[in-house]
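# mind folding the following:
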Amino acid sequence: MNIETRIEWQWTSRRGAERGENRDACGLFGGKAYTFAVIIDASSKGKNGVRFNELWINALLNGLPTDWASQEQVVTAMRNAQRKLRSEGLFQERACFAALLLPHAFPNTGLAFTCGDCRIGFESQSGEIIWLTETHRLGDICQRNGSSLVIPNPNIVTRTLNARRHEDPDILELMAPEGSSWVLATDGFWSDCKCPRTPPEDDSSYLLLGSMLKRYESSDTPNLILEGSFAGTISDNLNFSADQCAVLVRS
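Below you'll find the predicted structure:
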């Protein structure tokens with residue numbers, strides 16, 4: 001791969017049956033030598049989850065440099081974006097996120113930034129998804145530590161994005177096979193073994209990234225923010241189809 005490799009995207013998002021609004025969102029920044037992507041899943045706490053997402057994503061993407069973003073620059077942009085939430089007084093809201101920094105010269109390698117229970121993996125050419133990042137769910141943490149404790153609520157998230165205190169995300173170098181696509185997903189998507197043909201209880205969203213994709217957006221709400229070289233671009237808008245989602249096989 002060379003520096004001219006173009007990263008394309010596909011964004012699919014839908015509101016959960018038990019949710020009053022879709023509180024998932026996605027942001028994409030196109031730099032000269034890199035692509036940066038982030039998904040966020042605001043909890044049901046607080047009345048301003050959608051605004052919380054928009055403020056943080058906009059502040060984060062606008063804080064990224066045009067040419068290249070280092071790990072330290074991404075974390076600094078995240079820290080400054082968190083301060084924006086604080087200045088707006090959004091102290092009731094909480095969110096999980098996962099972000100991926102992809103160099104155009106080596107798009108099969110990525111730097112992941114995670115906080116909460118959004119995940120990153122890759123979709124193989126056969127359609128199988130392999131998840132590469134872990135969550136900050138209490139049950140998962142205990143399992144990874146070999147604990148035999150019975151957790152009454154294993155889905156409790158131990159780390160979140162919030163306005164009260166900044167927590168640096170977990171950072172991990174990832175690799176995906178040649179010909180695969182990167183997948184960033186909220187828990188409403190990855191936690192299902194099969195994609196249901198009826199709306200799920202929770203909001204369900206995923207982003208695909210790769211050089212062989214056809215760009216499109218398929219969402220029941222305007223929750224995709226494009227900046228950098230992506231700003232002002234137009235996707236092939238498609239209506240959401242459950243059959244479209246069903247071709248993805250979780251692992």
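
# for the rest of this, base every contact and every neighbour count on C-alpha atoms.
OK.

# ok, residue 112 - how many residues close by?
26 (other C-alpha atoms under 10 Å).

# looks like it contacts residue 118 (just checking).
No - look at residue 112 against residue 118 with C-alpha atoms under 8 Å: they stay out of range, at 11.2 Å.

# identify the contacts common to these two.
Counting by C-alpha atoms under 8 Å, 6 or more residues apart in numbering, the shared contacts of residue 112 and residue 118 are residue 98.

# now do the same for residue 102: its pLDDT.
In the predicted model, residue 102 carries a pLDDT score of 97.

# what's the helix or strand for it?
Using DSSP states H and E, the element containing residue 102 is strand 95-103.

# which residues touch that strand?
With C-alpha under 8 Å, 6+ apart as the test, strand 95-103 has contacts from 33-43, 108-120, 159-162, 184-186.

# restricted to strands, list the residues you listed.
34-42, 109-115, 119-120, 184-185 (DSSP state E).

# helices of the chain, residue ranges please.
49-62, 71-87, 138-144, 187-190, 242-246 (DSSP state H).

# could you dump these into CSV with mean pLDDT added?
What follows is the helices of the chain, written out as CSV (pLDDT from 0 to 100):
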stretch, mean pLDDT
helix 49-62, 97
helix 71-87, 97
helix 138-144, 56
helix 187-190, 84
helix 242-246, 38
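
# show me where pLDDT drops low in the stretch 51-200 of the chain?
Flagging of the stretch 51-200 of the chain using pLDDT under 70 yields the residue ranges 136-155, 192-199.

# leaving out sequence neighbours, find the closest residue to the residue nearest in space to the middle of the chain.
In the chain, the C-alpha nearest the mean C-alpha coordinate belongs to residue 39, at 2.5 Å (C-alpha atoms, centre = their mean). Leaving out its chain neighbours, the residue that sits closest to residue 39 by C-alpha to C-alpha, 6 or more residues apart in numbering is residue 26, at 4.3 Å.

# sounds good, over and out.
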